[in-house]
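Peer 1: Below are the sequence and a predicted model for it; my questions follow.
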Amino acid sequence: QVQLVESGGGLVQAGGSLRLSCVASGRTFSGYTMGWFRQAPGKEREFVAAISWSRPSTYYADSVKGRFTISRDNAKNTMYLQMNSLKPEDTAVYYCAASRFSGFSSRAQYEYWGRGTQVTVSS
C-alpha cells in the first residue's frame with residue numbers, strides 16, 4: 001500500500017521557519033516527481049513546489065520563490081520543504097504528492113497524496 005506521510009507542521013510567528021518532511025512507503029518512487037501543494041480554508045489547493053527525480057530540477061510558485069526550498073533524499077524516500085520568512089498568508093494544510101508524469105504544477109498529474117500537515121503562521 002502506497003503511503004505518503006507529511007510531518008513538521010505547526011504554529012509559528014511571522015518571519016519564522018518550519019521544515020516539512022514527506023516520507024514515502026509502499027513502493028519505489030524512482031523516476032517520480034514529488035511535489036508540495038497547500039490548501040487554505042475556502043480556497044483551491046495550489047501548487048507550492050516540486051522536485052524531479054533526476055539532476056534534480058526544482059520548481060516553485062512565485063509566491064514562495066526565494067523563501068521556500070524543496071529537496072529530496074532518494075535513498076530515504078523522503079522529501080523536504082524548508083520554509084523561511086513565513087507569512088500569515090502561508091497558513092494552510094500542506095500536502096505532498098507523487099507523479100510519474102511530465103510537468104510539475106498540475107494537481108491532476110499527481111497520483112499519490114498524503115493527508116496533509118497544518119501550518120499556521122501568526123501575525
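Peer 2: Alright, I've got the coordinates.
Peer 1: beta partners of the residue nearest to K43 when sequence neighbours are not counted?
Peer 2: What sits nearest to K43 in space, not counting adjacent residues and going by Cβ to Cβ, 6 or more residues apart in numbering, is A92, at 7.8 Å. All C-beta atoms are positioned from the backbone trio N, CA, C, and that covers glycine. A92 forms beta bridges with V119, as assigned by DSSP bridges.
Peer 1: before we move on, what about R19?
Peer 2: Q82.
Peer 1: so it makes contact with M79?
Peer 2: No: applying Cβ atoms under 8 Å, one finds R19 not in contact with M79, separated by 11.2 Å.
Peer 1: neighbour count winner among these two?
Peer 2: Neighbours were counted for R19 and for M79 using other Cβ atoms under 10 Å; M79 has more, 28 against 14.
Peer 1: Go ahead and confirm that one touches T33.
Peer 2: No: contact criterion Cβ under 8 Å: M79 and T33 do not qualify, at 10.3 Å.
Peer 1: shared neighbours of those two, which are they?
Peer 2: The contact sets of M79 and T33 overlap at I51 (Cβ atoms under 8 Å, 6 or more residues apart in numbering).
Peer 1: Burial check on the nearest residue to T117 once chain neighbours are set aside, number of neighbours?
Peer 2: Leaving aside its chain neighbours, T117 sits nearest to G9 (3.4 Å; criterion: Cβ to Cβ, 6+ apart). Other residues near G9 number 19, with proximity taken as other Cβ under 10 Å.
Peer 1: can you check L18 too?
Peer 2: Residues near L18, counting by other Cβ under 10 Å, number 21.
Peer 1: Ok, the one 4 residues further on next?
Peer 2: Burial of C22 is recorded as 25 neighbouring residues (other Cβ under 10 Å).
Peer 1: cool, and T78?
Peer 2: Neighbours around T78, by other Cβ under 10 Å: 17.
Peer 1: again, but for the one 5 residues further on
Peer 2: M83 is flanked by 27 other residues according to other Cβ under 10 Å.
Peer 1: Check A40 too.
Peer 2: When neighbours are counted by other Cβ under 10 Å, A40 comes out with 14.
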